[in-house]
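1. need a structure here:
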Amino acid sequence: MASKLSSTSALKLVLASMVTILLFSLGMSKQICPGPCYGDAACNAFCMSHGWTMGECVPVPPNVKYCCCAIR
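-> All right, here's what the predicted structure looks like:
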């Protein structure tokens, strides 16, 4: 049970790192992922209302999407 839990945590960490690297490689200088995503339009509106230039839903296993805000 413990090894399954730690392997799931490791997978999440690796995937989150890959998303971060991908976002930075696309030219974004700063980004945060404040919480779960309830739709691209809502995420974008939330991010823009808090001073970010864009917001996008990013999939993170298991079947969860996080709203990530970025400044280009």
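
2. host element of Leu11?
-> According to DSSP states H and E, Leu11 maps onto helix 2-25.

3. and what of Val58?
-> If you go by DSSP H and E, Val58 is part of strand 54-60.

4. show the average pLDDT along that strand.
-> On average, the pLDDT along strand 54-60 is 90.

5. give the buried residues for it.
-> Residues of strand 54-60 classed as buried: Gly55, Glu56, Cys57, Val58, Val60 (neighbour count, 16 or more other Cβ atoms under 10 Å). (C-beta placed from N, C-alpha, C; glycine too.)

6. can I get those in CSV including distance to Cys67?
-> Shown next, in CSV, are these (distance: Cβ to Cβ, whole Å):
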residue, distance to Cys67
Gly55, 6
Glu56, 8
Cys57, 6
Val58, 8
Val60, 11
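
7. ok, back up a step: what's the strand holding Val58 packed up against?
-> Contact here means 3 or more Cβ pairs under 8 Å, 6 or more residues apart in numbering; DSSP states H and E; on that basis strand 54-60 packs against helix 2-25, helix 40-49, strand 64-71.

8. lowest-confidence stretch among those?
-> When those are compared on average pLDDT, helix 2-25 comes out lowest at a mean of 64.

9. next SSE downstream of it?
-> strand 30-36.
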